[in-house]
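Have a look; sequence and predicted model below, questions after that.
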Amino acid sequence: MIGVVQCVVLDCPEPRALATFYQGVLGGEVDRPDPRWSVDDDWATLHVEGGPVLCFQRVAEYVAPEWPDPRRPQQFHLDVGVEDLGVARAEVLRLGGTSLDDSHEAWSVFADPAGHPFCLVRE
């Protein structure tokens with residue numbers, strides 16, 4: 001095991017509004033203080049009982065998916081919390097992942113073998 005799911009991140013045009021929508025659906029607390037990240041106009045969170053944290057990330061010029069049109073696919077990614085980012089990076093590459101951005105000290109972006117992006121985030 002490399003790490004644990006830290007959160008699920010959904011791209012959107014208005015992070016806090018979408019977090020509030022999902023709060024109405026799932027309950028939970030919007031933008032609860034959490035040492036793993038900070039919230040601002042571009043990032044909102046929803047902590048729910050019994051599940052991973054949902055995070056909402058502003059994307060400039062957001063284009064919504066159109067189900068089931070594969071030309072406009074679903075848009076989200078996993079953040080995987082890891083203790084040792086260097087070890088986790090190496091293991092993901094060994095398993096067949098592709099590095100997309102490893103220029104940050106606290107996190108790296110990878111693609112899985114099918115091309116889906118995910119992040120390794122130092123806990």
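In hand now; what should we look at? Values in this document were obtained by computation on a predicted structure and should not be read as measured data. Residues are numbered from 1 along each chain as shown.

taking the mean pLDDT, what do you get for the longest helix along the chain?
Ranked by residue count under DSSP state H, the longest helix found in the chain is helix 15-26. For helix 15-26, mean pLDDT is 95.

now residue 73: how far from residue 90?
29 Å (CB to CB, to the nearest Å). Using the backbone N, CA and C atoms, a C-beta is placed for each residue, glycine as well.

The nearest residue to residue 29 once chain neighbours are set aside and residue 93: what is the separation?
Nearest residue to residue 29, sequence neighbours excluded (CB to CB, 6 or more residues apart in numbering): residue 47, at 5.0 Å. Distance, residue 47 to residue 93, by CB to CB: 32 Å.

Kindly report the same for residue 121.
17 Å.

Tell me the gap between stretch 86-97 and the middle of its chain.
18 Å (CA atoms, centre = their mean, to the nearest Å).

Also stretch 12-26?
Relative to its parent chain, stretch 12-26 has a centroid offset of 15 Å by CA atoms, centre = their mean.

quick one: contacts of that stretch?
With CB atoms under 8 Å, 6 or more residues apart in numbering as the test, stretch 12-26 has contacts from 10, 28-31, 41-46, 48, 51, 54, 56-59, 62.

re the thing from before, among residue 47 and residue 93, which residue is more densely surrounded?
residue 47 (18 against 13; other CB atoms under 10 Å).

Now do the strands in this structure.
4-12, 29-30, 43-47, 53-58, 76-82, 98-101, 107-111, 117-122 (DSSP state E).

could the ones you listed go into CSV alongside distance to residue 21 and mean pLDDT?
Putting those into CSV (distance: least, CB to CB, whole Å; pLDDT from 0 to 100) gives the following:
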stretch, distance to residue 21, mean pLDDT
strand 4-12, 10, 94
strand 29-30, 10, 98
strand 43-47, 9, 97
strand 53-58, 9, 96
strand 76-82, 15, 92
strand 98-101, 29, 95
strand 107-111, 26, 94
strand 117-122, 23, 94
